Each structure stands twice: as structure tokens, then as C-alpha cells.
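>>> fold the following, please.
(chains A, B, C, D, E and F, ligands or ions: 3)
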Amino acid sequence: MKLVTAIIKPHQLDEVKEALEAFGISGMTISEASGYGRQRGHSEVYRGAEYTVDFVPKIRLEVIVDDMDAKSVVDVILKAAQTGRIGDGKIWVVPVEDVARVRTGERGTDAI
Amino acid sequence: MKLVTAIIKPHQLDEVKEALEAFGISGMTISEASGYGRQRGHSEVYRGAEYTVDFVPKIRLEVIVDDMDAKSVVDVILKAAQTGRIGDGKIWVVPVEDVARVRTGERGTDAI
Amino acid sequence: MKLVTAIIKPHQLDEVKEALEAFGISGMTISEASGYGRQRGHSEVYRGAEYTVDFVPKIRLEVIVDDMDAKSVVDVILKAAQTGRIGDGKIWVVPVEDVARVRTGERGTDAI
Amino acid sequence: MDGYYAFMLVSTALVLMMTIPGLALFYGGMTRSKSVLNMMMLSYGAFAITTIVFVLWGWSEGWAGAGNGKLIGNPFELFGLKGVSWHSAADGTGSGYVGVLFQLTFAAITAALISGAIADRVKFSSWMVFVPIWLTICYFPIAHNTWAGGFVFKHLAQQDYAGGTVVHINAGIAGGVLALIIGRRKGFAKDPMRPHNLTLTMLGAGLLWFGWYGFNVGSVVLAGDTAEKSTAQFMSETGFTFMNTTIATAAAMLAWLAMERILHGKATSLGAASGIVAGLVAITPSCGAVGLFGAIVIGVVAGALCAWAVGLKYKFNLDDSLDVVGVHLVGGLVGTLLIGFLSTSVAPGGVDGLFYGGGLKSLGDQTGAALFTLVWTGVGTAVIGLAIKYTMGWRITEEAEVEGIDFHEHGETAYDLAPLGGRLGHSAPSGLPASAALEGAK
Amino acid sequence: MDGYYAFMLVSTALVLMMTIPGLALFYGGMTRSKSVLNMMMLSYGAFAITTIVFVLWGWSEGWAGAGNGKLIGNPFELFGLKGVSWHSAADGTGSGYVGVLFQLTFAAITAALISGAIADRVKFSSWMVFVPIWLTICYFPIAHNTWAGGFVFKHLAQQDYAGGTVVHINAGIAGGVLALIIGRRKGFAKDPMRPHNLTLTMLGAGLLWFGWYGFNVGSVVLAGDTAEKSTAQFMSETGFTFMNTTIATAAAMLAWLAMERILHGKATSLGAASGIVAGLVAITPSCGAVGLFGAIVIGVVAGALCAWAVGLKYKFNLDDSLDVVGVHLVGGLVGTLLIGFLSTSVAPGGVDGLFYGGGLKSLGDQTGAALFTLVWTGVGTAVIGLAIKYTMGWRITEEAEVEGIDFHEHGETAYDLAPLGGRLGHSAPSGLPASAALEGAK
Amino acid sequence: MDGYYAFMLVSTALVLMMTIPGLALFYGGMTRSKSVLNMMMLSYGAFAITTIVFVLWGWSEGWAGAGNGKLIGNPFELFGLKGVSWHSAADGTGSGYVGVLFQLTFAAITAALISGAIADRVKFSSWMVFVPIWLTICYFPIAHNTWAGGFVFKHLAQQDYAGGTVVHINAGIAGGVLALIIGRRKGFAKDPMRPHNLTLTMLGAGLLWFGWYGFNVGSVVLAGDTAEKSTAQFMSETGFTFMNTTIATAAAMLAWLAMERILHGKATSLGAASGIVAGLVAITPSCGAVGLFGAIVIGVVAGALCAWAVGLKYKFNLDDSLDVVGVHLVGGLVGTLLIGFLSTSVAPGGVDGLFYGGGLKSLGDQTGAALFTLVWTGVGTAVIGLAIKYTMGWRITEEAEVEGIDFHEHGETAYDLAPLGGRLGHSAPSGLPASAALEGAK
Ligand SMILES: Nc1ncnc2c1ncn2[C@@H]1O[C@H](COP(=O)(O)OP(=O)(O)O)[C@@H](O)[C@H]1O
Ligand SMILES: Nc1ncnc2c1ncn2[C@@H]1O[C@H](COP(=O)(O)OP(=O)(O)O)[C@@H](O)[C@H]1O
Ligand SMILES: Nc1ncnc2c1ncn2[C@@H]1O[C@H](COP(=O)(O)OP(=O)(O)O)[C@@H](O)[C@H]1O
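Numbering: from 1, shown residues only, chains lettered A, B, ... in the order given. Ligands and ions are numbered 1, 2, ... in the order given. The predicted structure is shown next:
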């Protein structure tokens, strides 16, 4: 099994979610994150003082998938998350040794 | 060493934490997350307009453990996090190649 | 490729970020987390009732790096994040099987 | 009569407080967190610009030549308040600086009310241009016609104690027309756009209720020919309007909550806040015209009807963002028209409506005045709205709208509640828009 | 005397503002973020329902037959305010609509005060049923006995300038009894239930202080037999009560902060807000009875004692959630009983207490009145509370309580401060309860 | 004249409301979320301690021996208000309890204003020691000199209607001197320290504007020798000051926004809130001295100048945290000095300035009074500030400053908006400081 982690733009979340659903993925976990990269932050001015935000808001998405699905899932996310503009994000895949579904106690591939 | 990541219901956090402590785990890191799965979100009505929340709040818990403890830790979390109701969450285990404790600079198993 | 994850004190973020930049790392993702460990939380008193916070705020930092850079990156973070005081945090390294840059669709090392 | 005068001073301050910060909070809490500052700025900005306009030509255009039976007063006659006595008259005829100031606060809140219909999407500069023109073309004439013995009043003698037509129908129709001209927000009726901070909305509604006693009760105009008679009138009339205002508002709140429970299963705090405002709106024209029973009926009808009416915008696909039509136009019509039925000669207005044996005269007068306002301001607002649309333009860019108007128009975000003080983009609750400024949302 | 009358209009509006939004914010800020809207709704709902009840039979039950020496007035005599002059009398006897309205706002805030004891766990519908019954059985009788020359006043002639017994002891004991009957929140004394937004609580306390000048100072009842005497009384008495209210409140705040510093090491803002309220509560009955020195003593005692008393609920395992007993009952008793010691004939009340050579008479009167209120309302509330418990029931489900009463009872959550506008469950700060609605918390 | 008296009661309550909660919110919203409670406590604490001091010796030191031409009044003459009639005089001379209370609220807000200059870093205990000493050495003397016919007034007869020198220049110079003595916050001019909640700041500014009508308009002092003349003066003078206050404030807000647009490209809500305050500050001394035109000019100059001045602190490396110098000192000087040019004998002040043919006399008087205040309070504050610095000390530890003064000084954090009710350190928005308390920030 693999863990696919994707850092995407918040506004692409809906599209990515729908694309994954369409692909047949039924579960995922997301959280808020902040990214630092080529895309720069922005600045605000308060009473003459400039204030810089280095980090840019991102969504961090995690999906556990079967070994064989990993590649396709990366492709699906890639496609749905792409806007072509700087800051689109990053995806990585990590090997997973064990998975469990808490409600049922199932283990391994059944638990995905 | 292994990294055990668990997505659990927020209200089970106390029990999981206590179970882990009882097991002898002395450190962990948690963060807020949102889950999408069989358990659906909910909707609110504001002045006649329905508003749907797809994602359900979850806690994401990470513990670095010794290779040999990994299995038992998964079991401990499984047991403490289970309510038997839909949305109980997911646990996965990932191999870890190196660990460091920042304060002391210790590396490897000593650093856990 | 490797994924280096570091749990650090929020106030060390600036130093760590600068150290990584100096080392040549051009991208990273961070999120808010809460840590539990030797360092204890604190308590507040409201109208005579004590209120305990178990968890301590931390920053969770993730960097995807080349295999060869992994060790040095851990060292760089270690150095920049260290205050020598309890609660300085933890770093771990996980193997990564695939990486993609969303904007360009690049894969593997090029995508870092 | 210095007591009456002291009350007018306080009332004037109260009506100012209704806009700044009352309405700004009521509206601000209902927007998304990325738009709250802009929403508040539309109220604050409207108040400031109205002040200048009102003192220059507004008072003159509205009140010069009171009783002349014309459509407007001469804007130059009292330009810059020249000739207006700052030795405010104690007879309550509305002359003197305090009379001017009291009316000024009404003009300001009327303009500010409109902003709720076009939340989250218009250029601050366009708004600041719109307000003075709208006041000139739509507000001062209606005020003249209604309260200064202008054309309409001469022919219809409608009752509008504190602004059912002048303020609420006026703002309501203007809001509806502007929303139509300016168009929908990106994502309207698709994306959830729920209130970001209902404690602000509840606070705003509370301050509005409080301030409305200045608005309604302060609208007493003394006609007593002796000091004793004036004092007696002051005491009896304000007791009446205070009572009606209170009871209609309470009834409207309860009715809205009941309606919600029936329609959606739950009574909400947004409903309570909205019901309060709906009741206040409806009792505004009628607080001097009806008795206790009438006030309760008006409150119940306004609360229930507005609770239902706010859902209509989705049917008509009209993005009246914060329901200016559903609350102010509908509520204003309820109060204005029900006078025709419920008005009683026992009340200060002294007119009997249909249910009190007064026949159809009152209903006709009220309907006529409402129609006049709808048409006049509907057309006027359309002209101004279109003129701005095709010259300087109304809308911020679509990107800016998605990213957040607060950052885009004002370079700010409202909240920074995070431990790191907003240094992470995401910990600034409104950080997203800001960042998106550089990345460009899809 | 139209100045006095103008002041009554403003005072009435101020007391309304104390409940809406003052108290709602003060309480709302102290709850958890998942309960703030419900908490505010208990105040808003109480106000609305009280308005209807008061106008129908409340005024009559409380004030009809003033001076009759009976336990209650006849609720039908002035039903629907029939026979009440809306030509408000200028002599300040409390008749007229404004007198009714002023009293109405007192009844409403008293009911609303009770809600703090039962935060986070009761059905909105049960509350809306409780309030009118409680007013009928407990409030109007105590008001009649105290302020309308009823039975108790006839025999004890206690001093209660603005509601030490009628409002604060009354609400305090009712809150305590209800909390007992309704039971503890899940997790009480185990889970932290700390205030979710202390800026709201500070704001609420500030608005309460401001509005309290309407409450206390507006409670002047003119007895002067000529206009000159009435004017003189108005001026001297209000100066007195304004001064006492200010100084006792400041003293109580400082005393609470000092007490906290001693007990817990730090002076908190919640302590400042609470000290303000404790001082205001204690000076409520006594502001017309004591002099400067007395006011300071009352403030210090109330601040220090309440600061200590709020900790007791954990000892008694009584979930008086926001300390209605600790602040209003204790503070009300402090103010009511200390009159027995500190009352001075120099003050408007004209009675000498123990320390001013007046012997034990005053102390006896005050104690008697306090006891009467405690027993009457204690028993009355218990009966109503139990009746509701065993019929429609008080509590929401335990799941709903954990998940959040805002979502469960009102279908809303207060805040949505996140970049994505609450589309992630967790980014809606109160998202948890909402989601849990479907998942069922353990 | 009971109308005038009623207005004074309301005005006094309004000025209290300006500090509690007005100023506390205005300032609180501008701090970081880890400091908001402390910021509010500085205002609340200042008010409470001022109340005690004022009643004991403050009134006496400031107003005893009015017209004596001396630098201060005798603090013991009316100690504890002995000899002050609580039968408040209706003639408006300021004697009587209400006169005392009105002045008390001015002293309190002046002290509270200073706190903005030293946000986030001073011990609460040091502040509570500073305030009474500062009032004694700096405030009461300036008030005596300006308003009670003291030394300066005897020689200069400056116009200061409601506190340009006494309140704003006084607080402004004190804030600047204290900020210098106490030193910069860690991270000043390096770390962003942006406002954590601009809705609070907007709300605070709105409440300040509302309350300022009590402040300015309530500052009328009747000099009419008959009741009729007094009434006439009351009516004409308050109309005048109300108008000037409104129009100058609106003008200043617009000017600030325009200046921001020029300097930084965007008009901000913080700018609107600041412009409101700048306008109110500048019109404070001058609202009784100038006409409509003068008021607009003063508003525009104050708004534009202050908008520019707030940037200066970075040049001088002076951590005047919330711009007490930039807004109150600069705004106070604008209003005080422009009287010299724009004062007109048509206004209640009755003096012609330079532009109205009055020559340089008025400008000289105004400049002299401003200078006297700057020097007196500059020196006085320096002495007190240094004395505290070298005895009990001003600063909290650097760690505590980084971690958050709310937790450190008050054991609290303002917000807990998270689903888990702040049980995760990080979900408490201010959790960081708290935790850091144990870990010690770098
Ligand atoms: N080496 C990395 N490790 C972890 N996250 C990264 C890394 N590089 C980039 N990211 C994430 O990807 C996001 C987009 O990267 P950025 O360089 O801004 O744009 P792009 O990839 O389009 O050139 C960043 O905001 C960050 O969250
Ligand atoms: N494939 C997956 N990858 C990552 N997280 C998942 C996955 N499937 C489920 N989850 C997480 O587990 C939670 C519970 O899953 P859900 O399907 O709702 O309930 P259950 O597992 O009890 O059937 C989800 O909310 C989500 O956070
Ligand atoms: N086994 C673990 N797994 C995951 N995170 C851990 C683990 N142990 C510690 N941590 C993280 O490291 C932080 C610091 O640990 P702590 O024991 O407090 O201090 P120190 O490492 O300096 O002794 C914790 O707050 C937690 O976030």
C-alpha cells in the first residue's frame, strides 16, 4: 500500500476531491498547511508599517491507496490540481507497511 | 523505526492519549485534520440557504516508535479509538530511516 | 528521495527557514501541530477553575529532498531548531518513492 | 422644553450609532471573513460622505420650502446651511442644527442599508461615488415629498412616522435594482456563503434595536401651540411610539423564529437578529399610527413574511447578498401598507384605517406613497447604477472577489488570531485571499 | 419635568440594551464556542417573550392595586394595558406607557440572568416555556411586594432601590435551583470549559455598566408634590445614585482583582468583568440608601466575596455554569443586607442603618425581604422546574451537548473564520459539534 | 433646566462608555491576539483606579478654588467630596455630584489613552501605580489651569472646549515620553505586529464616536443668568458643537482614507477607524470655537496629518505602539492651534482668530497653552516614568513578552475558538505564548 500526499491550492480542493471520487477513491484526509516555494507571499500595510506573509495557504491531502493505484492516483490529482500557475503544489508517494480501519479493526488492503 | 499515523475522532483523543501513555509511549504529535469517507458531513440552513460541510473534523496523531512496538501501538490505538460507529478513522504505518531529537542531537532509536 | 519531517518550536521557524534557504532548499510545507512529551503543558485559572492544556504548540515542517541531501538537511534543521531547552522537538526521515510537481507535471528528482 | 431638546440630542447620537457601528456589525457578521472589513467600510464610508453632502445641499434639497407641494426643495436655498439657525428652535419644527443633524443620520443609514445588497464585489471608489448621487436623485426628493410637505404628501397625506417609505422601501428597492445591475457574486447559489461571525450580527442587531428608539421615538415632531401642549404631546406620543416599537419588534422576532421552525426545523440566531430588524423596519412608518394590537399584528406579519421572503432571491437568481429586499423592502411595505388597515385615530397619527372604520382612504394613501417611492427610486437607481457600470465600473475583478475583497480593496485582513501572529498564510484566517492575490485563483 | 421624562425614555432604552446585547455578550463570551449562539438566544428569546407577557398580564399582576398590601396585583385588572394611560404622567409615579416599558425591561433582564446558570444544555423550547411561567409565579409577585406596596413592603418597608431582591436575589436563587433540577453538564468539573471569547465578555460587561445607569439612576421615583420639588429631587437623587453606582463598581472591580491575585496569583480580565457586575449588582438595591463611604464598602465586600464565592460550586458539585449564584445571589445579598448596616438618612432613602445609629430595624427589614424572596422564588422555581422536567423535559441529548448546542438547537455555528469558509469541518471553529451530529460522540 | 440636567446624566454615562468598552476595544483590536486582554485591562484598570482617586483628592486638586489663578487646587479642601453638594446645582456650573462625575470620566479616559503607547510590555501592577500618580502630577493641574480658572487660563484665556490640551495633548505627550522611557517591544520594526481583530477596532471607533457626543456636546457650561437664557444657551451651543463634531469627524475620516490611498495605494478600515478618532480629537478643543467651514478644515488637516504622522515612529525608532503620539498629540495640537486661525466670534467661544480678523492673540494663547501642557506633562511624566523604572520596574520579562502578556500577567488567553475547546495548545489561538511560558522562547 502507498500513502499519496499532495500539497495543493485551496481552491483546487473541490476539483481534486471530485476527480478522486470519480476514480473510485472513497476516503481521504486533508488538513491546512502553508507552503513556501517559488511562489512568494504578500504584504499588507497597517498605518504605514508593512507586514509580510512569507507562507502561502495550501491544502495537504492524504490518501491511502493500493500499490497498483498509486501511480494513477498521482496522475488524477496532478490533472485536477493543475492551474499552470506558480504555486500549484507537490505530490509525493511513500510506502506503507500496514493499514487498519479503526471501526472494524480490519487490517491491510481490506482496511483502505 | 516506524511512524504510526492515526486519524481518529476528536473526542477519542483523551482515551488514545491515556492508552498510549499506559503502554509506555512518552511523546506524540497531533494536528487537526478533516476527513472524508463513508461518514458524511452535515448541513446548516441560513436564511433559507442550505450550506453543506463535506468534511468531518478529525485528529491526526503521529508517533514514532521502535520497529518492534509498531504492531502493538497500532493495536493500542485501535482499541482506544474505536466507538464502533461510522467515521472512527484509519491508522497506517510507514518505515522511518532516521530519527533525531532536536534538543540533544541524539539519533536513531535513542532519539525516540 | 526522502521526506524529512521536523517538529519544532514555533519561534524557531524563522531560523530554520533561513538555514534551509542558506543550504539551498527552495521549497517546504509547514503546518500547525501540537506536541506532547517531556515538556508539559500549562494551566490557566478562570473564576477559580483550573484549566489544563496538555499539548504544546509546535510547527510541523516537511521537506522533500534528494537522497544525498537528507542527512545534511537533518543536520541543518537540528542546528537551527536547537535551543537546548526541553521541548525542542523531533525530526524523522521517510523514504519517498515518487514525487511530482503539480504545475509542470515533472516527476522524480526534477520535481523536488 | 429643554427635555425634549435633550432627547433630540441623544436620539441623534443614537441614530448615528445605528450605522456606526450597528449596521456595520450586523452586515459585517453576515459576510464571509474575507469581506467583513469592506462591508463595514461601506457603512462607515457612506456615513462620512453623506455628512458632507447633507450639509452642503442635502438639507436644502430635502427641506427647503417645506410645504411647497413640489417634488424637491431648492438645493441652493440653504446651501451649506446658510440661513439655518444654529440657535436650534425649541418648538421642534425641525429647524436648527439639531434638526438637520437628526435628518442627516437618517440619510446616512439609508444609503448604508443599500450596501447589504451588493456585498463582497464592488469597488470602494464606485460606492463612494454612488452614495452622493443616489442621495441627490433618490433620497432627498422622497424625503421632501414625504416629510417636508412635498408633492406626494400634498396629494396623499400618507403616514410615514419615521421612514417606511423614505428609508426602508427606498433602500430596499435601490438595493434590489443595484444587485440586478451589478450582478451576482461568483459562486452565488452554488458555494456556501454563510455568515462568518454571528456574534457580530447579534451584537449589531442589538445595537440597532437600542438605537432605533432614537430613530422612531425621536421622530416626534411637536405641533403643540403652547409649551404645555408641546410637553404633553412629547410625553404621550413618545410613550406610544416607544411601546409600539418594542412590542412589534419582540413579536417579529418570535414570528421569524416560528416561521423558521416550520420551514427549516430550527429557530436560528440569525433568524432572531433578522426578525428584530424586520420588526423594527415594519414599525418604523407605523409606530405613530397604530395601537398595541396593531403593533403586534404588524410585528407578526413582518417577521413571518420576511422570514419567507428572504428565500425568494434564489428563485429569482438575484444576488441580494444580505437580503435588503427581503427585509427592508418587504418589511417596509408591510409597515406602510398595514397602516391602511390598522391605523387608529386613537394613535398620534389620528387617522382611522380600514379596520377602524376609516374606509379605504388611508390604504389608498399608503399604497400610493409606496408606489411612488418604488417607481421614483427604482428608475433613479437604475439610471445611476447603469451610468456607473458603463463608466468607472462597479465590480472588482473576479480573482479579487475569490481572493477576498478586504485584501484587494483595502489591503487588510480582518483577523489574525493565530499563535504565530499570522506569519503562516493559513493561520491568518483570511490569509487565503491574500495569498491568492499572487497566485491567481482558478 | 420633560427633562425627567426624556431621561426615562433614554433609561428604558439603556436597560433594554443591557439584555440585548449586553448580557447576551457577557454570558456568550464565557461559554464554549459551540454554545455561544444558544447562550445569546436565551437572552434574546427571554426579552421577546417577556415583552408579550408583560403587556398582557405582567404589568397588571405586578402593579395593579399598588399599595394594596397583597401578595400580587390582579392580573386581569389592567390586562393588555387597558386603562393604562399612554399619556404618560409627568409626575413620575410610574404610570403611563413609559413607566410600563421601564419595568418591562427589568422583568426581561431578570429572566435572562437566570439562563447563565443552565448554559449549554437546555432545550430552547423549554426555556421559552419556562420564562413566562416563572415571571408569572416568581417575578411579578416579588415586584408587587417590593415596589408596588404589596404585602412584604407593608410589613417590612425594606429598601430596594433598583432590584436587589426583585432582580438579583430573585434571578440568583432561581438560577441555583434550576441548575440543581436540570443537572450538570457532561464533563462538569472534569473537562475544562473555559470562556471562548473574553473580548465579548469584556464588551458585555462594559455595556452592562453603561446601561446600568439607566437601571439604577433611572429608578428614581418622584415624590415631590410640586414641579419645583420634583425637579430638585430628580437632580439630587440621581446625582447620588449615579455617584454610588460608579464608585461601588470601581471598588468591586479592584477588590475582585485583588482577591484573585491573592487566591490564584493573577488578576484576570474575566475577574475585572465579573467584579464590575458584582459591584453593580450589590449597589443596585443600595444606591439610594448609602453614602460615598457605604458605597465603597459595599463594592469592596461584593467584589471580594463574589470572587471567592464563584469557586464554591465545585465544592457543592452544582453546575451553576456562569455563576449566577456566585455573582447575582451573593452580590444581591451583599447589597441588600449591608443596607441594614450602612444605610444613612442623608441618602435619598432617608433611613439610618446600624452604623448610623438606626438600630437593628433596617437590618431586620432587609433580611426579612431577602428571606421572603429566597423562599418564595426558591419554592416557585422548584415547582416550575420540576414540572417542566417531568413533562416536556429540559435537557438536549447528551450527544447534542457534546456536539454543541448551537448546531443542535439552532442549526448554526457561530464562527467561520477559515480561508476556505468553513468547507473543511475543522476550519469552522465549531465544526466539531456539527460533524459529530452525524457520527455520534462517544 | 432638568432637560439640561438629564443630558448631563446621559453624557456622563456616554463618556464612561467611551473608555469601557470603547477605547478598550479600539486599542484591543489593534494589538496581537496574545495581548488583547492586557490592553483592555489597562483601560478598565485605569478607569477603576481613577474613580477612587478622583473622589478622594482629584476633584479637589483640580477644581477647588476655581478661578484662583494658581497652578493647582488644594487637594484637601474638598477631600472625599466633603462639602460637594450632591444636590447638584441646576445652573450647570459644574458643581454637584454630576459635575464631579462628568469630569471623573474625562480623567479616566485620559489616563487610559496613554496605555496605547506602551502596549504589550508593562506590568499591570506598575500601570496601576502609575495612573494615580500621573493624574495627581499631570492631569489635575492641567485641568485646573485650563478649566478651573487656574494660572494658565488667567494669563492666556485659551479656548479648550472639551480637552484638546487637558486630554489629548496631555495623554499624547505622556504616551510618547513613557514609550521612550519604557523602551521598545522585542521585535519592534522587525516583526510584523499587525492588528489581530479589526472588527473590534472598528466597533471601538464607532462607540468612541457615539460617546464623543457626551464628551464634546456635554461639555457645555451654562453661563446664562436666567433660566431662559440658560435654556437658550443650552440649545444653541449644543447644536453648534454637535454639528462641528459630526462634520469634522466625517471630514477627517475621508482625509485619512485619501492620504492612505496616496501614500500606500489603498484606503484601509484601520485608516477609517483612525481617521474618526483623529477628527474627534482635533475637534475636541475647537468644537465651540469654529464654524462649519472651520470644522471641515480642522477635520481634513487632522485626518491627513495624523495619517502621515503615524509613520514617523519608525523613523524615530520610538515604539509608540498604537500611535498615541501620532493621533492624540498631533490631532490635539492640530485642533488646539488651528483655533488660533479659524476661531470665529459667531461661535459660542466668541473669539475671532487670525482668519476672522482677530489678529494673533488667539494663536498666541493657544500656542502658549499647548506648550505649557507639553512641558509640564512631559517633565512630569518623565519623572514618574523614571521613578517607576528604577524602583518596581516597568517591563515584564522578554520571555513573557514573546509568549504573550495576556497569559503572563493575567493567566488567560482571549480566544478559544477551536473544536476541541483549546485542549490542543495550538487550537487556542493564543496557545503559543501560554506554552512558551514553560519552554522559554529563544
Ligand atoms: N521540497 C519541498 N518539500 C515540501 N514541499 C514543497 C517543496 N517544494 C515545494 N513544496 C510545496 O509546493 C508548493 C508550491 O511550490 P512553488 O515552488 O511555490 O510552486 P511551483 O511548484 O509551482 O513552482 C509550496 O508552497 C510548498 O507547499
Ligand atoms: N483511503 C484513505 N486515505 C486516507 N484517509 C482515509 C481513507 N479512508 C478513510 N480515511 C479517513 O478515515 C476517516 C473515517 O473513514 P469513514 O469512511 O468515514 O469511516 P469508517 O472507516 O468508519 O467506515 C475519514 O474521515 C478519513 O479521515
Ligand atoms: N515519539 C514521538 N513521536 C512523535 N512526536 C514526538 C515523539 N516524541 C516527541 N515528539 C514531539 O517532540 C516534541 C518535543 O518532545 P519533548 O519530549 O517535549 O522534548 P525533548 O525532545 O526536548 O525532550 C513533542 O512536543 C512532540 O511534538
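>>> could you find the closest non-adjacent residue to D:G80?
D:L56 (5.8 Å; Cβ to Cβ, 6 or more residues apart in numbering or on different chains). Every residue, glycine included, has its C-beta placed from N, CA and C.
>>> that neighbour contacts D:F79, correct?
Yes: using Cβ atoms under 8 Å, D:L56 is in contact with D:F79, at 6.5 Å.
>>> just the C-alphas of stretch D:55-70, formatted as PDB.
Provided in PDB are the C-alpha atoms of stretch D:55-70 (Å, rounded to 0.1, in the frame of the first residue of the first chain):
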ATOM      1  CA  VAL D  55     -24.600  69.900   5.000                       C
ATOM      2  CA  LEU D  56     -23.800  71.200   1.500                       C
ATOM      3  CA  TRP D  57     -27.000  70.700  -0.400                       C
ATOM      4  CA  GLY D  58     -28.900  67.800   1.100                       C
ATOM      5  CA  TRP D  59     -30.800  69.600   3.800                       C
ATOM      6  CA  SER D  60     -31.700  72.300   1.300                       C
ATOM      7  CA  GLU D  61     -32.900  69.900  -1.400                       C
ATOM      8  CA  GLY D  62     -35.000  68.000   1.100                       C
ATOM      9  CA  TRP D  63     -36.300  70.600   3.500                       C
ATOM     10  CA  ALA D  64     -36.100  74.000   1.900                       C
ATOM     11  CA  GLY D  65     -39.500  75.300   1.000                       C
ATOM     12  CA  ALA D  66     -41.300  72.900   3.300                       C
ATOM     13  CA  GLY D  67     -44.900  72.600   2.400                       C
ATOM     14  CA  ASN D  68     -44.300  73.800  -1.200                       C
ATOM     15  CA  GLY D  69     -46.000  70.800  -2.700                       C
ATOM     16  CA  LYS D  70     -43.100  70.300  -5.100                       C
END
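>>> okay, buried residues for it please.
Buried residues in stretch D:55-70, defined by neighbour count with 16 or more other Cβ atoms under 10 Å in any protein chain shown: D:55-65, D:68, D:70.
>>> for the record, mean pLDDT for that stretch?
Across stretch D:55-70, the average pLDDT comes to 94.
>>> hmm, who's touching it?
Here stretch D:55-70 makes contact (Cβ atoms under 8 Å, 6 or more residues apart in numbering or on different chains) with D:50, D:72-81, D:84, D:94, D:100, D:103-104, D:107, D:135-136, D:139-141, D:143-144, D:147-151, D:154, F:243, F:247, F:292.
>>> quick one, helices of the stretch 51-200 of chain D?
Secondary structure of the stretch 51-200 of chain D by DSSP state H, counting those that start in this stretch: the helices cover D:59-63, D:96-114, D:124-134, D:140-147, D:151-156, D:170-182, D:198-212.
>>> check whether the last one contacts chain F.
Read that as helix D:198-212. Yes: with Cβ under 8 Å from any Cβ of the partner chain as the criterion, chain F is reached by helix D:198-212 at D:L200, D:L203.
>>> ok, of the contacts of stretch D:55-70, which come out buried?
Buried members of the contacts of stretch D:55-70, scored by 16+ other Cβ under 10 Å, are D:50, D:72-73, D:75, D:78-79, D:81, D:84, D:94, D:100, D:103-104, D:107, D:135-136, D:139-141, D:143-144, D:147-151, F:243, F:247, F:292.
>>> find the nearest non-adjacent residue to the residue in the stretch 201-350 of chain D that chain C sits nearest to, please.
The stretch 201-350 of chain D approaches chain C most closely through D:L203 (22.5 Å), counting by Cβ to the nearest Cβ. Closest residue to D:L203 apart from its sequence neighbours, by Cβ to Cβ, 6+ apart: E:P21 at 4.8 Å.
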